[in-house]
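> Can you look at this prediction? I've put the sequence above it.
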Amino acid sequence: MDYQLTQLPNGLKVVTIPMQDRETVAVAIWVRVGSRYEPLRSSGLSHFMEHMLFKGTRRRSTRQIKAEIEGVGGMLNAFTSEETTCFFAKVMKDHYSGALDVLADMVNHATLKPDEIRKEKTVIVEEIKMYQDLPSHEVFELLGEMVWPNQPLGRNLAGSEKTVMSFTRPDVTKFKQRFYHPGNLVLSVSGPVFHEEILEQARSLFGDKPRHAVSRFPKARISRRGPRTRFCDKETAQTHFVIGFHSVSRYHAYRYAVGLLSVMLGGNMSSRLYEELREKRGLAYEIRAGASFLQDTGCFTVSAGVEPEKATTAISVVLRELGKICHSRMSERELRRAKDYFLTQLWMALEDTLDHMLWAGERMVYSDDLPSLNSLRRGIEQVTVRDMQEAARQIFQTQNLHLALIGKLNAKQQRRIKESFVIPGA
């Protein structure tokens, strides 16, 4: 891919991903701010701001913002993560200029009216409650509090009912002034587009905005003093658990090996955990392993939902499989399968303009190096069996073990889990 990147004098990055044989264009404006930038009092403010930008600008009402994208058959959405906020649209190629104008208007000219702020507080509180009613989601919130205690990474992205209800209009406007400026923004566009045309419109929409310092977040604090467990007694049909570990950052030498570990352990129906827990033992319908990568750290998780009486056995099986991958040599054939799956899934996703734009755009928020598919392929192909086991041994340590569990377990079951909560051989 012939990606192109230009940085305007005020700091705005403009990256285009040409896909001339497509009929759709995906457009996004990324903001270098997320939950880990927030002090405790402001917890949830990045997510709150994401919502508020849809509530009207000087030129457009809430209805008009949506209608100008959806009215031509497009889609409009946004998300907030630990490190970024992203506003994006996908439209047919004839409408991408209008979509970009709408997104820029939201970012530059949101009115942040007091009445809308008051209404959105209650909406977000209901969103928080909705996810609290989903144990498969809430269990990850509990894990985050354990892995990243007393720091922004360990808090709910949406904040708490207390923090959200405390937000004032001055809080919101100051936050926007601090973070929503060109030095913190990336404009990414993929599809049948030309860089110079996108650049010309970007200059028109953002060129008069002043440059400010790029925002920073506090470094993650990591303490490996495990194993740690947390049980939440709740009436649920299944017991939901997630086992988590501090892992590596997106720049670490083992990042590709860790990504392949997640595939090998629980990335698909032929993975080790799926085979052991579902196919051989019938303990779970779904079992997943995943790796998240941040700027200075990461997290590796294994999660499942099981019948309460099977939770102890399921957790024990997971721990044994983690021990095996650390100490028993895996085959070259298994590693080959994981590499093929990883690369094929990525390549299939990148055929879509939206997925390709999101993949490339996120990288550009924190890097000046254009993404290279060939470099990524080389990185995956260079991973060896030894790399995989070294990465596994670095991460899957008993002192790095964290378990969050939601469901009905009696004291005896909890005690059994705690007593056997170790990585065999570690």
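Looks like it came in fine.

> Quick check: the gap between the most centrally placed residue in the chain and Tyr37.
Closest to where the C-alpha atoms of the chain average out (Cα atoms, centre = their mean) is Ser81, at 5.5 Å. Shown here: Ser81 relative to Tyr37, a distance of 11 Å by Cβ to Cβ, to the nearest Å. Glycine gets a C-beta too; all of them are placed from N, C-alpha and C.

> In contact with the residue nearest to the centre of the chain, which residues?
Applying Cβ atoms under 8 Å, 6 or more residues apart in numbering to Ser81 gives the contacts 34-35, 157.

> one more time with 6 Å, if that's ok
Gly34 (Cβ atoms under 6 Å, 6 or more residues apart in numbering).

> neighbours around Arg250, how many?
Arg250 is flanked by 17 other residues according to other Cβ atoms under 10 Å.

> which ones are touching it?
Phe293.

> can you map out the strands along the stretch 251-400 of the chain?
Along the stretch 251-400 of the chain, the segments classed as strands by DSSP state E, counting those that start in this stretch run 287-293, 298-306.

> And Arg272, how far from Ser247?
On the measure of Cβ to Cβ, Arg272 and Ser247 end up 18 Å apart.

> more crowded one of the two?
Neighbours per residue (other Cβ under 10 Å) separate Arg272 from Ser247, with Ser247 holding more: 26 against 20.

> Please tell me I have it right and that one contacts Phe300.
Yes - counting by Cβ atoms under 6 Å, Phe300 is a contact partner of Ser247 at 4.2 Å.

> what residues are shared contacts of those two?
In contact with both Ser247 and Phe300: Ile395, using Cβ under 6 Å, 6+ apart.

> Give me the pLDDT for the residue nearest to the centre of the chain.
Here the pLDDT value assigned to Ser81 is 97.

> Which pLDDT value belongs to the residue nearest to Pro210 when sequence neighbours are not counted?
In this structure, Pro210 finds its nearest non-sequential neighbour in Asn10, 6.4 Å apart by Cβ to Cβ, 6 or more residues apart in numbering. pLDDT recorded at Asn10 is 95.

> hang on, Asn10 is in a strand, isn't it?
No - Asn10: not assigned to a strand; according to DSSP: H, G, I helix; E, B strand; the rest coil it is coil.

> residue contacts, it?
Asn10 touches 182, 209, 211, counting by Cβ under 6 Å, 6+ apart.

> mind checking pLDDT for the second one?
Per-residue pLDDT puts Lys209 at 89.

> One more: Met1?
Listed pLDDT for Met1 reads 64.

> what pairs with Ser190 across the strands?
Ile17, Ala26 (DSSP bridges).

> number of nearby residues for it?
31.

> picking that back up, please identify the most buried of the strands of the stretch 251-400 of the chain.
With neighbours defined as mean count of other Cβ atoms under 10 Å, those peak in mean count at strand 298-306, which reaches a mean of 23.

> can you give me the offset of that one from its chain's centre?
14 Å (Cα atoms, centre = their mean, to the nearest Å).

> what comes into contact with that strand?
For strand 298-306, the external contacting residues (Cβ under 6 Å, 6+ apart) are 238-240, 242-245, 247-249, 283-284, 287-292, 314, 318, 395.

> Next: stretch 132-142.
Contact partners of stretch 132-142, identified using Cβ under 6 Å, 6+ apart, comprise 131, 156, 230, 236, 240, 242, 404, 406.

> Can you tell me how far Glu235 is from Thr229?
Computed as Cβ to Cβ, the Glu235 to Thr229 distance reads 20 Å.

> Same question for Gly425.
For Gly425, the distance to Thr229 - Cβ to Cβ - is 20 Å.

> higher neighbour count, those two?
Thr229 (18 against 14).

> Once you drop chain neighbours, what's closest to the more buried one?
Leu403 (4.6 Å).

> wait, doesn't the one you found sit right on Arg228?
No - Leu403 is not in contact with Arg228 according to Cβ under 6 Å; the separation is 7.1 Å.

> higher neighbour count, those two?
The neighbour count for Leu403 versus Arg228, taken as other Cβ under 10 Å, is higher for Leu403 (25 against 20).

> What is the helix or strand that contains Ile417 packed up against?
Element membership for Ile417, per DSSP states H and E: helix 411-419. For helix 411-419, the elements it packs on are helix 311-327, judged by 3 or more Cβ pairs under 6 Å, 6 or more residues apart in numbering; DSSP states H and E.
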